[in-house]
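*Asks:* Pasting the sequence and the predicted coordinates here, then a few questions.
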Amino acid sequence: MSRIGKHPVTIPAGVTATVEGSTVHVKGPKGELERTFSPLVVLEQEGEQITVRVPRTPGTEDLTHEEFKQTKSYKAANAMQGLTRTLIANMVEGVNTGFSKRLELTGVGYRAALKGKDLDLSLGYSHPVLYVCPENISFEVPDNTHIVVNGISKEQVGQVAAEIRAKRPPEPYKGKGIHYEGEHIRRKLGKAAK
């Protein structure tokens, strides 16, 4: 049973949200997001709160609540309730404060620099790697070994950070490559450990 899904999402000051059927549109100081959710759940807006509810499906009106909870339709809708509530909460937080992911470059000669809005990476290849900045994302390079990915969509920020990390994932012997800040890299012993 979803526990997080029962809690309503509170809309903070400075953010406006509208619910039209199963579509939620959120607008705030950082930007605006829109998403359509599964028809298995019902979205209700009451003042400054959005609630996600599991509806009774047609043909289950004569069942008790305990019997209804055993049906496949309830189990599928219950699984969607917590996910939907979390996605709406992330949309609200994104347009209000935004999200960011920090990456570190480890290795001799590994550098990052901004080239306009895009990211220019030197990763030990014979050529520089240019990562084109997607829409609604911005990059910061506080120094040449750190990258900060900023955006209003938590999903998109995580995806862009993962794509940048995939350009040179950390290797297990010396730990060279791109990794998330604070990520623990499991190290292997080399040939010398016989």
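*Replies:* Here it is on my side, so go on. Please read all numbers here as calculations on a predicted model, not as lab measurements.
*Asks:* and I178, how many neighbours does it have?
*Replies:* Using other Cβ atoms under 10 Å, I178 has 24 neighbouring residues. Bear in mind the C-beta positions are built from the backbone N, C-alpha and C, glycine included.
*Asks:* List the contacts of the host helix or strand of it.
*Replies:* Using DSSP states H and E, I178 maps to strand 177-180. Contact with strand 177-180 is made by 101-107, 110, 123, 147, 161, 164-165, 167-171, 185, as judged by Cβ atoms under 8 Å, 6 or more residues apart in numbering.
*Asks:* got the buried residues for that strand?
*Replies:* Neighbour counts over strand 177-180 (16 or more other Cβ atoms under 10 Å) mark 177-179 as buried.
*Asks:* What strands line up against it, and which way round?
*Replies:* The pairing partners recorded for strand 177-180 under DSSP bridges are strand 99-106 (antiparallel).
*Asks:* which residues touch the helix or strand that the partner strand is followed by?
*Replies:* Sequence-wise, the next helix or strand downstream of strand 99-106 (DSSP H and E) is strand 111-115. Here strand 111-115 makes contact (Cβ under 8 Å, 6+ apart) with 105, 119-122, 130, 139, 141, 144-147.
*Asks:* could you redo the last one with a cut-off of 7 Å?
*Replies:* 105, 119-122, 130, 139, 141, 144, 147 (Cβ atoms under 7 Å, 6 or more residues apart in numbering).
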